[in-house]
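**Student:** Need coordinates for the below:
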Amino acid sequence: ETEPAVAAEQQQQSTEAVALPLRRSAREKRRPAHLNDYVCGKTEESQPEPQSYSEAIASDEAEEWTEAMTEEWSSFEKHRTGDIVDVPPGKKVVKGKWVFKSKTEPENGKSKKKARYVACGYSQVAGIDYEETFSPVVNFDTVRVALTVAAARKYSVRQFDVKTAYLHAELKETIFMELPEGFRVPGKVLKLNKAVYGLKQSARCWNEHIQQIFVNNQLKQSTNDQCLYYNNNKELYVLLYVDDLLILSKEKKDADQIKQALAQKLELKEILKVERFCGVEINFEDGKFLLSQTLLIDELVGAYGLTEGREYADSPLPEWGDYSEGEVDLNLPIKNLIGSLQFIASRTRPDIAASLNYLSRQTSKPTQKLFNACKYLLRYVKKTRDLKLVLGHQSPEGLVVFTDASHAPLPDRKSITGVVVQLFGS
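**Tutor:** Modelled structure (predicted):
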């Protein structure tokens, strides 16, 4: 053999001689203390919600979904939602579809299957199938004022939910709709009597229906908020958000009276503890209402990939500078993020309102620098997620208004006015 070949063979033998088995640590592995209250390493596979009737009956939970559909159709029959008639010649038939949802019941934490048969409103024709569609909901400023007054005057606050609310409202137009899959009869359709979910005018029909019930029970509609009803003599106030109601009263018997009146006309369910209204979490402690939106904040943080990482944002913005510098990128979800943060600021977090409004003025030029500033603000909200807006009697003074202006500072020479309104110090 040649000398290079011998050298290569000796090198290979030397390498094989020193090869050692992998060594694994024998040190005891312990779970971090902050995970002691959690079950780790176990996952439960949840079935995805079906997107159609065929998916529902073919799934592993077909029996539960079928039961949910049967319950929905029974509700249609109970409320006389429509009459089964022959297909009318020359008449347009509105399509319908099943919508499936798994909901967690707050009372016991169990998952319950819900099925709703809705109309495909996109197939309706304006001027023929519907006229007006606008339907108001209570302004959250009204909710804050009402809860502040309730805490200060020690009113009782009770929450109610109307089951299948729209199906209580009469429909003015003549509309024919497909029968739901699973309950179809050849050559037959549903001539609607009630405002089915999905129709463009359903929300308006429902609002007019419940408005009439309130008026018939000596409640007046506020001229400042169309979803605030009141009786000043009884100190009774009702806030309406689609099918959710808050009833505030000085005397419990007055709230019971309006509850009985509503129960005669609607299928009403009382929620034993007021914990969530208009997408806001509500707690009652020491005679005060504490408002927060931690669930929405956590959802936003996860959606924008900020779950991990250092929480370094100690203020809403590092500085009020020009964030429109750089290359414009129309694909950045800046307006979506600002819109979500506006929803939080307008309800429970006035501390971020000024910074958020400043960023909103620069959205015409969506740059990476502006997007980073928006995420910086979201990190601040994440760090302070447990802050709560306190509503109650914190001062003997009634209504107090503070206002100020920046008087056109540099660099843009635009003056900014700020206003803070307090009621009983809240």
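
**Student:** Could you grab the helix/strand/coil label for F160?
**Tutor:** For F160, the assignment made with DSSP: H, G, I helix; E, B strand; the rest coil gives strand.

**Student:** who's in contact with it?
**Tutor:** D244, L245, I247, K259, L262, L268, K269, E270, I271 (Cβ atoms under 8 Å, 6 or more residues apart in numbering). C-beta: built from backbone N, CA, C; applies to glycine.

**Student:** L228 now?
**Tutor:** V138, T142, A146, Q221, S222, Y237, V238, L239, L240.

**Student:** beta partners for the fourth one?
**Tutor:** Translated: Q221. Residues in a beta bridge with Q221, per DSSP bridges, are Y229.

**Student:** hang on, isn't it packed against F214?
**Tutor:** Yes: Q221 lies in contact with F214 (Cβ atoms under 8 Å); the separation is 7.2 Å.

**Student:** right, and out of the contacts of L228, which lies closest to K92?
**Tutor:** L240 (33.0 Å; Cβ to Cβ).

**Student:** And stretch 70-84, end to end?
**Tutor:** Separation of the first and last residues of stretch 70-84 by Cα to Cα, to the nearest Å is 17 Å.

**Student:** how close does D225 get to T417?
**Tutor:** In this view, D225 and T417 are 24 Å apart by Cβ to Cβ, to the nearest Å.

**Student:** the more surrounded of those two?
**Tutor:** Taking neighbours as other Cβ atoms under 10 Å, D225 and T417 compare with D225 leading, 19 against 9.

**Student:** can you tell me how far the more buried one sits from V157?
**Tutor:** In terms of Cβ to Cβ, D225 sits 17 Å off from V157.

**Student:** likewise Q47?
**Tutor:** With Cβ to Cβ as the criterion, Q47 and V157 are 38 Å apart.

**Student:** Comparing the two, which residue is more hemmed in?
**Tutor:** Higher neighbour count among Q47 and V157: V157, with 20 against 11, using other Cβ under 10 Å.

**Student:** Residue ranges in this structure under the pLDDT threshold?
**Tutor:** 1-46, 105-109, 310-311, 410-411 (pLDDT under 70).

**Student:** how about the helices in it?
**Tutor:** 3-17, 53-58, 62-78, 140-153, 202-216, 252-265, 294-303, 334-345, 353-360, 368-383 (DSSP state H).

**Student:** quick one: which of these is nearest I84?
**Tutor:** So among the helices of the chain, helix 62-78 is nearest, using Cβ to Cβ, at 10.0 Å.

**Student:** Now do the closest one: everything it contacts.
**Tutor:** Taking Cβ under 8 Å, 6+ apart as the rule, helix 62-78 contacts 50, 53, 56-57, 59, 81-82, 98, 100, 113-117, 164, 167, 180, 182-183.

**Student:** repeat that with 6 Å
**Tutor:** If you take Cβ atoms under 6 Å, 6 or more residues apart in numbering as the criterion, helix 62-78 is touched by A56, K113, K114, A115, R116, Y117, T164, G182, F183.

**Student:** go on, stretch 82-102?
**Tutor:** With Cβ under 6 Å, 6+ apart, stretch 82-102 has contacts from 49-50, 53, 56, 111, 114-120, 123, 175-178, 187-193.

**Student:** now the end-to-end length of that stretch.
**Tutor:** Note: stretch 82-102 ends 27 Å apart using Cα to Cα.

**Student:** what does stretch 215-222 give?
**Tutor:** Stretch 215-222 stretches 11 Å from its first residue to its last (Cα to Cα).

**Student:** Next, count neighbours for the nearest residue to A151 once chain neighbours are set aside.
**Tutor:** Once flanking residues are discounted, A151 sits nearest to G392: 3.7 Å by Cβ to Cβ, 6 or more residues apart in numbering. By other Cβ under 10 Å, the residues close to G392 number 22.

**Student:** Hmm, G392 is touching L290, no?
**Tutor:** No: checked against Cβ atoms under 6 Å, the pair G392 and L290 is beyond contact range at 9.0 Å.

**Student:** Who are the contact partners of K365?
**Tutor:** S324, V328.

**Student:** ends of stretch 408-415, how far apart?
**Tutor:** 4 Å.

**Student:** picking that back up, in PyMOL, select just the buried ones from the contacts of L228.
**Tutor:** Burial among the contacts of L228 is assessed by 16 or more other Cβ atoms under 10 Å; the matching PyMOL selection reads:
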select buried, resi 138+142+146+237+238+239+240
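
**Student:** With distance to L359 as extra columns, can I get the contacts of L228 in TSV?
**Tutor:** TSV is the format used below for the contacts of L228 (distance: Cβ to Cβ, whole Å):
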residue	distance to L359
V138	28
T142	27
A146	31
Q221	37
S222	34
Y237	36
V238	37
L239	31
L240	33
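
**Student:** Need the max-distance pair from the contacts of L228.
**Tutor:** Across those, the longest distance by Cβ to Cβ is 14.9 Å; it joins A146 and Q221.

**Student:** Tell me who's in contact with V118.
**Tutor:** Contacts of V118 by Cβ under 6 Å, 6+ apart are V99, Y197, G198.

**Student:** Repeat the analysis, applying 8 Å as the threshold.
**Tutor:** By Cβ under 8 Å, 6+ apart, the neighbours of V118 are G96, K97, W98, V99, V196, Y197, G198.

**Student:** Let's see which of the contacts of stretch 82-102 end up in strands.
**Tutor:** 111, 114-119, 176-177, 188-192 (DSSP state E).

**Student:** Buried subset of those, written for PyMOL?
**Tutor:** PyMOL command restricting the ones in strands among the contacts of stretch 82-102 to the buried ones, with burial defined by 16+ other Cβ under 10 Å:
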select buried, resi 115+116+117+118+119+176+177+189+190+191+192
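
**Student:** sorry, back to before: most neighbours out of the contacts of V118, which is it?
**Tutor:** Most surrounded of these: other Cβ under 10 Å gives V196, at 27 neighbours.

**Student:** my read: Y197 touches A165, true?
**Tutor:** No: contact criterion Cβ under 8 Å: Y197 and A165 do not qualify, at 9.1 Å.

**Student:** if we can go back for a sec, you'd agree the residue nearest to A151 is up against E285?
**Tutor:** No: using Cβ under 8 Å, G392 makes no contact with E285, being 9.5 Å away.

**Student:** What is the neighbour count of the residue nearest to K114 when sequence neighbours are not counted?
**Tutor:** Leaving aside its chain neighbours, K114 sits nearest to K101 (4.7 Å; criterion: Cβ to Cβ, 6+ apart). Counted with other Cβ under 10 Å, the neighbours of K101 add up to 12.
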